[in-house]
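Sequence first, predicted coordinates after that:
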Amino acid sequence: MKIDGSTQIVGVFGSPIAHTASPAMHNAALAAVKLNWCYLAFHVEPQNLRSALTGIRDLNCRGVNLTVPHKILALDIVDEVDADARKLGAVNTVVVKEGKLIGFNTDGYGFARGIKEDFDMTLKGKRVLILGAGGAGRAIAIQCTLDGATKVIVANRTPAKIAPIANEIAGTPTKFEAIGLDAESIQRVVTEVDLLVNATSVGLQPADSLGLPAGVFSPGLAVYDTIYRPAETQLLRQATDAGAKVSNGLSMLLHQGAKAFEIWTGRKAPLAVMRRALRTAVYGAQL
Ligand code: NAP
């Protein structure tokens with residue numbers, strides 16, 4: 001990479017941020033399409049998000065990705081919010097355009113592309129059980145309705161946090177149900193779904209367990225864990241043992257990044273290059 005007076009800056013804001021694989025993925029992509037751009041990670045505390053975003057506008061940077069804990073906060077900071085990002089309830093990509101900060105959300109798109117790639121599955125006509133009602137759970141649930149899923153069931157430890165998702169889905173053709181995140185409730189509904197998605201943070205630590213019995217999983221079920229590090233969570237191990245189709249969140253990470261790349265650059269994302277760089281950054285070697 002050659003840095004000179006014309007180098008354009010994009011990047012990611014988060015706290016913590018040192019673990020991020022996005023610079024590897026994006027810098028490989030920028031080099032592949034021969035753009036004189038550079039993608040950097042910035043440790044930004046939530047109380048500084050407003051000044052940091054104002055800063056990228058004033059410095060005429062091209063844009064940034066936002067990760068934990070900024071995605072919801074940014075809704076009230078950017079000048080304009082894309083309609084889908086408004087529905088998804090969070091901003092993960094900001095573009096600086098004609099002096100304005102415009103917020104997008106590419107997580108839902110990334111998820112939809114991820115399951116297409118991993119399971120050859122679209123959300124249209126599907127029944128989907130989502131564990132978790134945080135930022136990722138909400139983005140996935142709303143993407144399901146945008147893409148024509150027949151039914152969405154959301155299970156969460158804190159039931160009250162499901163209400164904003166239920167409100168957003170109400171009035172769409174997608175049926176909605178809220179349940180508890182307990183083995184009995186999940187066992188009751190799992191036989192009626194095509195896809196089970198873990199969008200909780202349970203599994204980030206290798207010993208983490210959602211406490212689901214092996215009987216929850218069956219060969220006809222597709223199980224997607226949004227967690228990609230570790231590559232195999234206990235949930236995915238149980239699902240694999242039961243003969244279910246499984247995949248982890250690396251494909252979602254790849255495709256949300258690819259969409260952000262396209263929003264910033266107007267170029268087609270070099271997916272193969274990005275996938276290779278991401279796998280190397282996350283797992284240390286090609287899997
Ligand atoms: P978040 O907004 O903080 O939400 C966390 C979710 O996890 C909530 O539903 C929370 O339930 C649940 N949870 C946390 N600890 C729990 C526990 N001990 N038992 C049961 N439930 C628990 O976080 P997020 O941004 O949605 O991220 C959630 C997961 O998605 C993370 O693992 C993250 O790595 C993953 N993710 C992946 C991608 C990707 O590209 N692959 C993108 C975004 C996120 P309560 O409401 O009860 O607290």
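Nice, thanks for sending it over. Bear in mind the structure is a predicted one, so any value in this text is a computation, not a measurement.

what does the stretch 101-250 of the chain put close to the ligand?
107, 110, 132-137, 156-158, 161, 181, 199-202, 204, 226-228, 249 (CB under 6 Å from any ligand atom). Quick note: C-beta positions are derived from backbone N, CA and C, even for glycine.

Mind checking which of the residues you listed are in strands?
Using DSSP state E, residue 156 are the members of these that sit in strands.

If any of the residues of the stretch 101-250 of the chain next to the ligand are buried, give me the PyMOL selection for them.
To isolate the buried members of these in PyMOL, using 16 or more other CB atoms under 10 Å:
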select buried, resi 107+110+132+133+134+135+136+137+156+161+181+199+200+202+226+227+228+249
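
Which one of the residues in the stretch 1-150 of the chain is closest to the ligand?
As assessed by CB to the nearest ligand atom, the ligand sits closest to residue 134 within the stretch 1-150 of the chain, at 1.9 Å.

Can you give me every residue that contacts that residue?
By CB atoms under 8 Å, 6 or more residues apart in numbering, the residues touching residue 134 are 161, 199-201.

now do residue 278
Counting by CB under 8 Å, 6+ apart, residue 278 touches 21, 24-25, 250, 253-254, 257.

still on that earlier bit, rebuild the contacts of residue 134 as TSV, extending it with pLDDT.
Converted to TSV, the contacts of residue 134 look like this (pLDDT from 0 to 100):
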residue	pLDDT
161	94
199	97
200	96
201	93
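
Could you export those residues as CSV, including distance to residue 167?
Shown next, in CSV, are those (distance: CB to CB, whole Å):
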residue, distance to residue 167
161, 12
199, 18
200, 21
201, 23
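
among the residues of the stretch 101-250 of the chain next to the ligand, which are in helices?
107, 110, 135-137 (DSSP state H).

Need the max-distance pair from those.
Using CB to CB, the two most remote members of these are 110 and 137, lying 14.2 Å apart.
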